[in-house]
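Trainee: below are the sequence and a predicted model for it; my questions follow.
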Amino acid sequence: MKQRISALDLQILAAELKTSLEGYRLNNIYNASDSNRQFLLRFNKPDSKLNVIVDCGLRIHLTEFTRPIPSAPSGFVMKLRKHLKSKRLTALRQVKNDRILVLQFADGLFFLVLEFFSAGNVILLDENRKIMSLQRIVHEHENIIGETYTMFDESLFHTADDTNATNITNKDFSEGLVKNWLDEVKQKYAVAASTILETSKNDKSHQKKKIKVMSIHKLLLSKEPHLSSDLLSKNLKMSKIDPSTSALDFENRVDDIIKLLNTTESEYHQLLNDNEHRVGYILDHENKNFNPKIDSNPDLEFIYETFHPFEPYVEEKDKASSHISEIPGYYNKTLDKFFSTIESSKYALRIQNQELQAKKKLDEAKLDNQKKLQALIDVQSSNEEKGHLIVANADLVEEAKSAIQGLVDQQMDWNTIEKLIKSEQKKHVKIAELIVLPLNLKENKFKMKLPLKTFDDDEQNDTSDEDDNSSSSFSESDSENASSSSDASDSDISDFETEESVQKEVPPKKRKTKRSSATSQPNEKMITVTIDLGFSAYANASEYFNAKKTSAEKQKRVEKNIEKAMKNIEEKVNTQLKKKLKESHEVLKKIRTPYFFEKYHWFISSEGYLVMMGKNDAETDQIYSKYIEDDDVFMSNNFGTKVWIKNPMKHEVPPNTLMQAGILCMSSSEAWSKKIASSAWWCNAKNVTKFDKFDKSVLPPGVFVLKDEKDQNTLPASQLVMGLGFLWKVKTSDNGDEDVKEFEGEQEELSLIDEEEENEEFRGNDSVVIPTDDDHTDSYDNNDSINIVAEIGNDLKDLDLNKDEVRIPEEEEEEFDNRTIATGLVENMNKNVRGKKGKLKKMQKKYADQDESERLLRLQALGTLRGLEKQQLREKEEIAKQQKREYKKAKREKQKEMQALKFTRNEKVKVNYQKPFTELKAVLTKDDKVVDIVPVFAPWPALLKYKYKVKIQPGSAKKTKTLSEILHFFMNRKVDTTLADKEIDWPNEHELIKTLKEQDLVLLLCVDKLKVTLPGKNDTSKKGNQKNGSKGKSKRK
């Protein structure tokens, strides 16, 4: 899997990032995905935001997906925030022939260097290119804090347009050049071969080494490093050349190499220059573990393998299992699609593997349980079989039991009994052969073999006679052995002797029958059974039958326990997998393009009218200048809050909408914190203007004047009842970005910024704050303002504001610099000083013959130069300050004139106001495909039809704590998995609510302290009042 961008990828990305990011302001920097090597850079402009993901040494690209951000940033990120936050990106360049990107902030005040070779690095430089902070210290290259970074110089940013594509010219490869390359490889091969031969002659025991010859792919890449390794490999494979083939094999195929290099070079330049029709390619292969019935995520069907700016080559054998995806547009989109899909699907793939492992474990557990059950069944069958065998061979069991019992009754040694039985087995005595040694006389038990098949009736009669004789002889020998053991001390020898003497007395005919019966037993299958000497044959058989019954009962219990255990295991595995699957959805989420009104306080009334309110005075002016037309409604109150109601259909605004807008107007003012029931007033927007009555100048931000004060309608007193609700953005046929077409020059408007930011970043092109006046304004005729603006427009054509206008002329600067310190001192001496006029004349006559160098040496000896140098430095500082003041003054004047034009433009921003109303729904249906959740803070009457809503009133609770309680309340409500009841929560709704955070919802609130009323829960404040009241009553009694 490809994880690192190549040199070709970086060249394409650098050109795209340059056009996309230059001029944007760096809003903030974060660690991404809980990694100290991944960084998220958020850039913004008015009405535009861009996110850049940087993986140290691996990749950089724009992203449309959110990344999980840790709660506390690392120390390196804190350092970057301290110096780069809110700075403007003025230039972005790539170091020539190197994988290094340099981001210039604030016209060279700071540099951010991104290295994409080796392990990579992120380095912060000051204006002198000295290292201020870096992601990792590299001692080999002297990358240490305080050292000067030498990988680029000032000329990098002085070039007109360093796009890398235009600087590289097409290169023609000749036959002699390629032959020289091959000759070099041949010479290296000959030198290596000769050295190996010499070492082998000198040292015969030395093992022969294989000479490594450079491959054709490696040779071409080393000679032409600007050509991408992937591009060369692709073209080699398309020419049916194995990239790993030795370069020496192409001595007679030089023309093929030249043709290959020329096609690769032309394709390389085409990739760099063709920005309009660029297409990115992603190569993926099939996921063998994908199951369409189980896996609902289509991204799991194929696993991404690599990405390229060109169409990759796929071999014939891999075409069946591979797939190539084309992604048109910027190459950044290809990288974002590739890495974001991998990051989001790797959790799903991990869960998929965990599911397979869980299934394997369940199958293994089932097999183990089946083996246990089968073992119990086998034990039952064997016990039953042994019991029947004992019953069928009861006579044999009794004979063997009586024989052993007789020996035991004679108080023989147990070892002697076993030796005696062993000797009898050698003599092929049938009863002795059936007994299995060793005996377990300690537990009063022994084992014996019983045949599965019984003999015929005739044979059984013969064997019974033989058994009688054998048993009698076995008992006789036992008695003799007992007497011999009592008489002689060596009992073992006497036992064998007596056994031999007894067997000598046996008739020869009967001895033959024994051997014949013994020889017939090996043809039969024998089963070993355990016999208790204390029980009879039938009692031993009943023991086996009882064991069979107990094992049958145990089998039933085990089967029940196994069923319960398997169910519990399956439930646990499923719940764990579901939790992990839910966690994976929280990781990456596509950034939704916000509606234009979401940067203000807003809501949609119950009649479908859009109501907006600026978060500050500048935003209030922005709403008025961009979106408000004559048929819209302006609303305000005695506290200075301004609310706007959009009326795109140009109908009469309903009373309910006016009442709801009045609630927002009063709740956003000081009336909320003071709990004052007051009323707002409204008028048509055509009755509002931004120009002063007397001097026709633009009023301060947030200040408006009514043309006719009689056209002012007062609303009834508004209740301070707000609410928090959720809207659902639904996928429609025309879903896409907001259909907003700004008029020309919209992005060039000068925005209001703080004086501190201006002083901090004074480098030429930043906007300046307009000085505000609190003069009282009255109504006046709008025609006068239009005439004034026309005059201002004519004056703006003649006004060309530059820093050069307020600077000292170059000639004067040169003269000032060329003057020496000595001549400056003489001029100061020539000044009219009272009481020293005559003395100066004498000094001039005395030192008239001195030249400039002598005069300078004498002044230096006297120490007069030091004070003069300080004086000149002060003069230069005063000149620079005056220059800066004049520049700011001229800029303010120009900004005032631009604002006058802004508020009198007839063109407004063209917005499709019906689109948000069709995409946003308060209640979902089964057929709706939810794209995202949109929280809204609105008056309570506007939220009555919402499914998710809570009432908020003035109180004493904090915002963040209250919002966490609200989200917890929504997540604990009842869920309908069948999606049948619209009034009950649905699972997909809860999944989107989980993505909300209290910190994001706080920005929606336009009120201070509050109190939330949750349905189904008692109000704690009421409980406290009731308790206090009851205590008071009891005290009175």
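Mentor: The structure has been received and is ready for your questions. What you see is a predicted model, and the numbers here were worked out from it, not measured in a lab. Numbering: from 1, shown residues only.

Trainee: residues near M238, how many?
Mentor: Counted with other CB atoms under 10 Å, residues neighbouring M238 total 11. All C-beta spots, glycine's among them, are computed from the backbone N, C-alpha and C.

Trainee: hmm, I typed the wrong one, I wanted S551.
Mentor: Other residues within reach of S551, judged by other CB under 10 Å, total 20.

Trainee: mind listing what it touches?
Mentor: L376, V379, Q380, N383 (CB atoms under 8 Å, 6 or more residues apart in numbering).

Trainee: what's the average pLDDT for the one helix or strand E897 maps to?
Mentor: Using DSSP states H and E, the element containing E897 is helix 864-902. Per-residue pLDDT over helix 864-902 has a mean of 82.

Trainee: chain center to it, what's the gap?
Mentor: In terms of CA atoms, centre = their mean, to the nearest Å, the centre of helix 864-902 is set 49 Å apart from its chain centre.

Trainee: off-centre distance for the next helix or strand after it?
Mentor: The C-terminal neighbour of helix 864-902 among helices and strands, as given by DSSP H and E, is strand 910-911. How far strand 910-911 lies from its chain's middle: 35 Å, per CA atoms, centre = their mean.

Trainee: for stretch 929-937, same thing?
Mentor: Remark: stretch 929-937 is offset 22 Å from the chain centroid, using CA atoms, centre = their mean.

Trainee: outside of it itself, list whatever touches it.
Mentor: With CB under 8 Å, 6+ apart, stretch 929-937 has contacts from 592, 598, 601-604, 722-731, 735, 919-920, 924, 943, 952, 988-989, 992-993, 995-996, 1001, 1004-1006.

Trainee: the closest residue to L231 other than its chain neighbours and L220, how far apart?
Mentor: Leaving aside its chain neighbours, L231 sits nearest to T264 (5.9 Å; criterion: CB to CB, 6 or more residues apart in numbering). Distance of T264 to L220, computed by CB to CB, to the nearest Å: 8 Å.

Trainee: who's more crowded, those two?
Mentor: Taking neighbours as other CB under 10 Å, T264 and L220 compare with L220 leading, 26 against 19.

Trainee: residues touching that one, list them.
Mentor: Going by CB under 8 Å, 6+ apart, L220 touches L227, L232, I257, L260, L261.

Trainee: among these, which one has the most neighbours?
Mentor: I257 leads the contacts of L220 on contacts (other CB under 10 Å) with 24 neighbours.

Trainee: in this protein, which helix is the longest?
Mentor: helix 331-392 (DSSP state H).

Trainee: packing partners of that helix?
Mentor: On a contact count with 3 or more CB pairs under 8 Å, 6 or more residues apart in numbering; DSSP states H and E, helix 331-392 meets helix 7-21, strand 59-63, strand 279-286, strand 302-308, strand 322-328, strand 445-451, strand 526-532, helix 537-585.

Trainee: which stretch among those comes nearest K626?
Mentor: With CB to CB, the closest approach to K626 among these belongs to helix 7-21: 24.0 Å.

Trainee: okay, angle between the longest helix of the chain and strand 279-286 too, please.
Mentor: Here the directions of helix 331-392 and strand 279-286 differ by 0 degrees (axes from the mean of the first three to the mean of the last three CA atoms, to 10 degrees).

Trainee: which is the next helix or strand following helix 331-392?
Mentor: According to DSSP H and E, the helix or strand after helix 331-392 is helix 394-409.

Trainee: residue ranges with poor pLDDT in the chain?
Mentor: 159-170, 202-209, 290-299, 347-348, 453-524, 577-588, 734-837, 899-902, 904-907, 1016-1037 (pLDDT under 70).

Trainee: what's the domain layout of it?
Mentor: According to the TED database, the chain comprises the domains 7-158, 173-192+213-275, 276-329, 596-732+912-1013.

Trainee: from the middle of its chain, how far away would the longest one be?
Mentor: It stands for domain 596-732+912-1013. 33 Å.

Trainee: export stretch 962-974 to CSV, keeping only CA atoms.
Mentor: C-alpha atoms of stretch 962-974 as CSV (Å, rounded to 0.1, in the frame of the first residue of the first chain):
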residue,chain,number,x,y,z
THR,A,962,-26.7,22.6,30.2
LEU,A,963,-25.9,21.5,26.7
SER,A,964,-24.3,18.2,27.9
GLU,A,965,-27.5,17.5,29.9
ILE,A,966,-29.6,18.2,26.8
LEU,A,967,-27.5,15.8,24.6
HIS,A,968,-27.6,13.1,27.4
PHE,A,969,-31.4,13.5,27.5
PHE,A,970,-31.7,13.0,23.8
MET,A,971,-29.4,10.0,23.7
ASN,A,972,-31.4,8.2,26.5
ARG,A,973,-34.8,8.5,24.8
LYS,A,974,-36.6,5.4,23.5
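
Trainee: buried ones in that stretch?
Mentor: Buried residues in stretch 962-974, counted by 16 or more other CB atoms under 10 Å: T962, L963, E965, I966, L967, F969, F970.

Trainee: closest one to F43 out of the residues you listed, please.
Mentor: L963 (28.2 Å).

Trainee: give the contact list for the closest one.
Mentor: By CB under 8 Å, 6+ apart, L963 lies in contact with L724, E998, L1001, V1002.

Trainee: thought N143 was touching K130?
Mentor: No - at 11.6 Å, N143 does not count as touching K130 under the criterion of CB atoms under 8 Å.

Trainee: identify the contacts common to the two.
Mentor: Joint contacts of N143 and K130 (CB under 8 Å, 6+ apart) are Y149.
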